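[1] Requesting a structural model of the entry that follows:
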Amino acid sequence: MAKKITPYKDSSLNKKEQVEQMFDKISGNYDGLNRVISFGIDVKWRKKVIELVEATKPQAVLDIATGTGDLAISLAETTATRIVGLDISEGMLAVGRKKIAAKDLSERIEMVQADSEALPSEDNSFDAITVAFGVRNFEHLEKGLAEIYRVLKPGGIFVVLETSVPTKFPFKQGYNFHSKVILPVIGKLFSQDKVAYSYLSESAASFPYGEEFNNILRKTGFNNVKDKPQTFGVATIYTASK
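    Residues are numbered from 1 along each chain as shown. Predicted coordinates:
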């Protein structure tokens, strides 16, 4: 089970409220910082997610924790005629809407502010559902996964891209140095929120990955669960179906 790590340790706010507040604060710098922190490799990982979704020829796709819409925009390369990007942070969505409008994709991509644990969709609504670097921010992981299972059509694909921790030398040591030292320093230098990027590294390190996360997916009801480590294990792509 994932540990409940919050950005601000503010007992007056629950994790969802703290995560929403955090992403609202860093939304303006989020895209640029992501490219710097990941050395641009996250673009390659997202392309692999798109390939997996495209292989299923979906018509309706939901991208949860869409943030500024990078993955939702890339999903426009698939056969999908309806793409919904959902996020709890209106600040992130506002940035995403500008990017979508600039690419003339507003008619295909809808950005919706909502809670991933209470999806505003009917059962069996989507052919494919994606989450990139977002499941670790769920306040109640299994509740959020159950909601995803509910709105996914039978036979539909669920693809998760999430950070993981390498287990082999020297990649494990390099990952620890990058996440505990480099990431928080870059975050403090370029973000108005000095806590946010420390939270992102802490939440990544504590999140269940590999077979542990596979088992949570199976427990939720998903089948055909597989994990594919990326770049020496610093991230993992999970696929599952309903």
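
[2] Buried ones in stretch 51-71, by neighbour count?
    52-53, 56, 58, 60-71 (16 or more other CB atoms under 10 Å). Backbone N, C-alpha and C define where each C-beta goes, glycine included.

[3] brain fart, stretch 111-126
    For stretch 111-126, a neighbour-count test (16+ other CB under 10 Å) marks 111, 115, 116, 117, 119, 121, 125, 126 as buried.

[4] from those residues, which ones fall inside strands?
    111, 126 (DSSP state E).

[5] tell me which of the buried residues of stretch 111-126 is nearest to residue 80?
    The nearest member of those to residue 80, counting by CB to CB, is residue 126 at 9.4 Å.

[6] Neighbours of the nearest residue to residue 222 once chain neighbours are set aside, how many?
    Excluding the flanking residues, the one nearest residue 222 by CB to CB, 6 or more residues apart in numbering is residue 240, at 3.7 Å. For residue 240, the tally of surrounding residues (other CB atoms under 10 Å) stands at 25.

[7] Also residue 87?
    Residue 87, neighbours per other CB under 10 Å, totals 28.

[8] can you pull the contacts of it?
    Residue 87 makes contact with 23, 64, 65, 66, 67, 93, 96, 111, 112, 113, 114, according to CB atoms under 8 Å, 6 or more residues apart in numbering.

[9] now do residue 229
    Residues near residue 229 by CB under 8 Å, 6+ apart: 164, 210, 235, 236.

[10] Same check on residue 219?
    By CB under 8 Å, 6+ apart, the contact set of residue 219 is residue 142.

[11] 10 Å instead?
    Contacts for residue 219 (CB atoms under 10 Å, 6 or more residues apart in numbering) come out as 142, 145, 146.

[12] Same check on residue 213?
    Contacts for residue 213 (CB under 10 Å, 6+ apart) come out as 2, 135-136, 141, 145, 160, 162, 164, 207, 225, 227, 236, 238.

[13] how about those residues in JSON lines, adding distance to residue 41 and neighbour count?
    What follows is those, written out as JSON lines (distance: CB to CB, whole Å; neighbours: other CB atoms under 10 Å):
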{"residue": "2", "distance to residue 41": "24", "neighbour count": "20"}
{"residue": "135", "distance to residue 41": "19", "neighbour count": "23"}
{"residue": "136", "distance to residue 41": "18", "neighbour count": "24"}
{"residue": "141", "distance to residue 41": "25", "neighbour count": "20"}
{"residue": "145", "distance to residue 41": "26", "neighbour count": "25"}
{"residue": "160", "distance to residue 41": "17", "neighbour count": "23"}
{"residue": "162", "distance to residue 41": "14", "neighbour count": "21"}
{"residue": "164", "distance to residue 41": "13", "neighbour count": "22"}
{"residue": "207", "distance to residue 41": "19", "neighbour count": "21"}
{"residue": "225", "distance to residue 41": "24", "neighbour count": "18"}
{"residue": "227", "distance to residue 41": "18", "neighbour count": "20"}
{"residue": "236", "distance to residue 41": "13", "neighbour count": "21"}
{"residue": "238", "distance to residue 41": "18", "neighbour count": "23"}
